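[1] my questions are about this predicted structure, shown below with the sequence.
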Amino acid sequence: MVTARQIFELQLERVHLRALRAVVLHADEPGALERIEADLTVVDQQLTAVGHDDTLPMRQLVQKFELSPLESDFVWMAVAMVADPRLVTHGHAMIGSAARRGLPLSLYAVFADLDGPSSRELALALGRAHPLRQYQLLEAAEPTASEAAVALRASSRLVSFLAGTDEVDDALLHIGGPLSALAGAVFDEQQQAALRHLTDALSASHPMAILIEGPSGAGRRTAAATAAGQLGQQLVALDLRQVQRVPGALEEALVGLRRECLFRDAIPVLANIDDLHATEADSGSSLRTLAHFLDNHSSGAVLTSSRPGLELHIKLNVLRVDWPVADTSARRKLWTLALGANAEALGDDLDQLSLRYRLGPEGIARAHTAARLIAPTGQPLGLSDLITGVRNNIAEHLGSLAKRIEVSQTWDDLILAPDIMDQIHTLIARVRHAHTVYEDWGFRSKAPRGIGVPALFSGPPGTGKTMVAGIIARELNLELLQVDLSQVVSKWIGETEKQLSRVFDAAEAGHALLLFDEADALFAKRTEVKGATDRYANLEVNYLLQRVESFGGITILTTNLESSIDKALKRRLASHIVFWPPEEEEREQLWRRLLTTGASPISSGLDLEALAHEYSDMTGANIRNAVLAAAFLAASESAEISQEHLERAARGEYRTMGRVLR
């Protein structure tokens, strides 16, 4: 059976011989013409013997676009100008360096020995409206040139298609490609119902936009590929989050997606469309570009979004499919399948992984791959390896919206009142024993909105709120992500909610502890609506309140202005811990603890009790600042840290605090 590659080679050889014939005729070389005509006859006979196999690439292209024999012949010559270096030499001999830009119709007319009517017919046919140019399979080197003078260049994807290779379009490299169902994917009951809904939509007789709404990493694309696989359909995806934010990048990616879907007879999948929603550099133009693509794609499309209710403003009918995160038992099966023989060795740690990380099949597979690369060669994977693998794969979702905080403090560095310490330990127990209470004891049904742990730490500055958040993260072996409000908050409508959605999704997938320092900037009280500014500010708070309640992880908010926090947030809290300034005995312990480093030279006879009594308004942060200042004073004098150094540093800190000194 003849292959596409054999046809490709024969057609290129035919083009070469015809071009060479034209060059020889032009040069009037004796005897060469007869040899070329003989070789060309042999190639034509071989192509005739092949017949018309409908499975061959060019035959498919002819049927899709109803190409005439003349148009088909032009395509082969345009492809040869790209794929066969000899053609550049022939073209250069005929028209000079202009042949490097592509195949002008005038040059093709010479190579193909066309008469006047045929040349004019082809020039009219290959105008801007021709589907080969609409799909940019033939691209104009100079779009403003007249149709008779324009040089058309075959795209690299057209060349690879006709050559029978399965390469992905250059415009989709690293940002998309064909989707296939994951082997061994497991779905819980809710997901199976959504999968049936998705399968019905894909099998509908009329095209539509199927919008799969659900958290990032929950397996939305896996669901689409599974449903399409059951119907024998193919999908090609484009991740809009990975498209560069430069002019023309989205248009180029969509052209590549359209070409790839054409060649594979596939349905396009546009992932993370919410990432295009009203960004500062975009102002809606990307959404209009996307809408134009959807309205002009005959097979419909599948889209994914982590923001429910996103408006598309397209002519196509939109069907929304809610895709939930798999439940704990389904996630445990996915981990077991991914780990294989290593799953049994993990034992109960699998329960912890399954409850903690709300990942879909692809997320779990990627975490397992990353863990395998990190772990020592030949050693079985442990819980810490898999946790590291998960964390490595959520970084791309955060960007600059949140930063990882390395926690160095321990419980020994913490001096708090016993009742505050008791509240902290209760908060930790709520996280540590979540599987027992929610799964084993059946309390999940009593918390339908979410099983997360939102907590508010309020109190004056320097009382240890942020420090305690870090110690809790370390105690629970969680990553601490501090939200960067300067990157999250935007003046553009809808942008703040979009950025916050990315932070929550990434933190939920990686089960990180999410820290909102100075939370009153985001969770301020809603006000009476007197204008558009008030309305949109209230919408941001409404979104945050709903997202905190549905978040499956730990959210800690710190504030110095508790009265500014919206009351509705306090109702949703799992814990509210008030941090009071330290009492005199606690201040003395802080002075002593901060001075004890194991290496610092300290004078004997320090009166720390007097310091704690004299500087009664100091918090833990103020005492730390004073101790550091005293240490630098002593170092500058090459002396031990003395009472005098501590007094001088404490007086300086008090002045900084705006306190009156006696």
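    Ah, there it is. Numbering: from 1, shown residues only.
[2] for the stretch 501-650 of the chain, what spans make up the helices?
    532-550, 567-571, 584-595, 608-614, 620-636, 643-657 (DSSP state H, counting those that start in this stretch).
[3] helices and strands around the shortest one, which ones?
    Looking back up the chat, that one is helix 567-571. Helix 567-571 is packed against strand 453-458, helix 532-550, with contacts defined by 3 or more C-beta pairs under 8 Å, 6 or more residues apart in numbering; DSSP states H and E. Glycine gets a C-beta too; all of them are placed from N, C-alpha and C.
[4] can you list the strands that the shortest one pairs with?
    The sheet places strand 453-458 alongside strand 554-559 (parallel), strand 575-578 (parallel), with pairing taken from DSSP bridges.
[5] does Ala32 touch Val24 like I think?
    Yes - using C-beta atoms under 8 Å, Ala32 makes contact with Val24 at a distance of 4.7 Å.
[6] who has more neighbours out of those two?
    Legend: neighbour count by other C-beta atoms under 10 Å for Ala32 and Val24, higher for Val24 (19 against 15).
[7] re earlier: tabulate the strands paired with strand 453-458 (CSV), appending mean pLDDT and mean neighbour count.
    Shown next, in CSV, are those (pLDDT from 0 to 100; neighbours: other C-beta atoms under 10 Å):
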stretch, mean pLDDT, mean neighbour count
strand 554-559, 85, 25
strand 575-578, 88, 17
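[8] the ones you listed into JSON lines, with extra columns for distance to Asp440?
    Converted to JSON lines, the strands paired with strand 453-458 look like this (distance: least, C-beta to C-beta, whole Å):
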{"stretch": "strand 554-559", "distance to Asp440": "20"}
{"stretch": "strand 575-578", "distance to Asp440": "22"}
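[9] and the closest residue to Phe187 other than its chain neighbours, how far from Thr226?
    Counting by C-beta to C-beta, 6 or more residues apart in numbering, the nearest residue to Phe187 once its immediate chain neighbours are dropped is Leu195, at 6.0 Å. The gap separating Leu195 from Thr226 is 6 Å, by C-beta to C-beta, to the nearest Å.
[10] mind listing the shared neighbours of the two?
    Phe187 (C-beta atoms under 8 Å, 6 or more residues apart in numbering).
[11] may I have stretch 229-237 as PDB, with CA atoms only?
    What follows is stretch 229-237, C-alpha atoms only, in PDB (Å, rounded to 0.1, in the frame of the first residue of the first chain):
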ATOM      1  CA  GLY A 229     -13.100   9.000  23.300                       C
ATOM      2  CA  GLN A 230     -16.400   7.200  24.000                       C
ATOM      3  CA  LEU A 231     -17.800   8.800  20.800                       C
ATOM      4  CA  GLY A 232     -14.700   8.200  18.700                       C
ATOM      5  CA  GLN A 233     -14.100  11.900  18.400                       C
ATOM      6  CA  GLN A 234     -10.800  13.700  18.600                       C
ATOM      7  CA  LEU A 235     -10.000  16.900  20.500                       C
ATOM      8  CA  VAL A 236      -7.200  19.500  20.100                       C
ATOM      9  CA  ALA A 237      -6.600  21.800  23.100                       C
END
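[12] dihedrals phi and psi, Ala104?
    Just so we're on the same page, residue 104 is Pro rather than Ala. When read as degrees, to the nearest 10, the backbone of Pro104 gives phi -70, psi 150.
[13] which pLDDT value belongs to the residue nearest to it when sequence neighbours are not counted?
    In space, and not counting its chain neighbours, Pro104 is closest to Ala151: 4.6 Å by C-beta to C-beta, 6+ apart. Note for Ala151: predicted pLDDT of 84.
[14] one more: the one 3 residues further on?
    Model confidence at Ala154, expressed as pLDDT, equals 90.
[15] any idea how far it is from Ile415?
    74 Å.
[16] of all the helices of the stretch 501-650 of the chain, which lies closest to Leu182?
    helix 532-550 (26.4 Å; C-beta to C-beta).
[17] just the mean pLDDT for that closest one, thanks.
    63.
[18] rewinding a little: looks like the residue nearest to Pro104 contacts Leu103 (just checking).
    Yes - if you go by C-beta under 8 Å, Ala151 and Leu103 touch, sitting 6.2 Å apart.
[19] more crowded one of these two?
    Leu103 (27 against 23).
[20] give me the helices and strands touching the helix or strand containing Gly91, please.
    For Gly91, the element it lies in under DSSP states H and E is helix 85-95. Counting contacts by 3+ C-beta pairs under 8 Å, 6+ apart, helix 85-95 is packed against helix 4-27, helix 69-83, helix 105-111.
[21] which helices and strands sit right next to the longest one?
    This points to helix 4-27. For helix 4-27, the packing partners by 3+ C-beta pairs under 8 Å, 6+ apart are helix 32-50, helix 57-65, helix 69-83, helix 85-95, helix 105-111, helix 156-162.
[22] give the buried residues for it.
    Using 16 or more other C-beta atoms under 10 Å as the test for burial, helix 4-27 gives 4, 7-8, 10-24.
[23] distance between it and the chain's centre?
    Using C-alpha atoms, centre = their mean, to the nearest Å, the distance from the centre of helix 4-27 to the centre of the chain it belongs to is 47 Å.
[24] then the last one?
    Between the centre of helix 105-111 and the centre of its chain there are 47 Å (C-alpha atoms, centre = their mean).
[25] report the buried residues of the helix or strand following it.
    Going down the chain from helix 105-111, the next helix or strand is helix 116-125, by DSSP H and E. Neighbour-count burial for helix 116-125, counted by 16+ other C-beta under 10 Å, picks out Ser119, Leu122, Ala123, Ala125.
[26] give me the helices and strands touching helix 116-125, please.
    Secondary-structure packing of helix 116-125 (3+ C-beta pairs under 8 Å, 6+ apart): helix 69-83, helix 105-111.
[27] ok, which of those comes nearest Phe293?
    helix 69-83 (24.4 Å).
[28] for the closest one, packing partners?
    Using 3+ C-beta pairs under 8 Å, 6+ apart: helix 69-83 touches helix 4-27, helix 57-65, helix 85-95, strand 103-104, helix 105-111, helix 116-125, strand 151-154, helix 156-162.
[29] just give me the lowest mean pLDDT stretch among these.
    If you rank those by mean pLDDT, helix 85-95 sits at the bottom with a mean of 75.
[30] direction-wise, compare that one with helix 4-27 and give the angle.
    Between the axes of helix 85-95 and helix 4-27, defined by axes from the mean of the first three to the mean of the last three C-alpha atoms, to 10 degrees, the angle is 30 degrees.
[31] now do helix 85-95: everything it contacts.
    15-16, 19-20, 22-23, 26, 77, 80-81, 99-100, 103-104, 106-107, 110-111.
[32] what about the residue lying closest to Ala370 once chain neighbours are set aside, how many neighbours?
    Setting aside the residues directly before and after it, Ala370 is nearest to Gly389 in space (C-beta to C-beta, 6+ apart), at 3.8 Å. Using other C-beta under 10 Å, Gly389 has 21 other residues around it.
[33] state the helix or strand in which Gly389 lies.
    Using DSSP H and E, the element containing Gly389 is helix 383-392.
[34] cool, Leu350 as well?
    Counting by DSSP H and E, Leu350 is part of helix 349-356.
[35] which other helices and strands does that helix contact?
    If you count contacts as 3+ C-beta pairs under 8 Å, 6+ apart, helix 349-356 packs onto helix 328-339, helix 383-392.
[36] could you dump it to CSV, C-alpha only?
    Taking Å, rounded to 0.1, in the frame of the first residue of the first chain, the C-alpha atoms of helix 349-356 are listed here in CSV:
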residue,chain,number,x,y,z
ASP,A,349,-0.5,8.2,54.1
LEU,A,350,-2.7,7.7,51.0
ASP,A,351,-5.7,8.8,53.1
GLN,A,352,-3.8,12.0,54.0
LEU,A,353,-2.8,12.7,50.4
SER,A,354,-6.4,12.0,49.2
LEU,A,355,-8.0,14.3,51.7
ARG,A,356,-5.4,17.1,51.5
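[37] and the residue lying closest to Val2 once chain neighbours are set aside, what's its pLDDT?
    Leaving aside its sequence neighbours, Val2 sits nearest to Val50 (C-beta to C-beta, 6+ apart; 5.1 Å). What the model reports as pLDDT for Val50 is 74.
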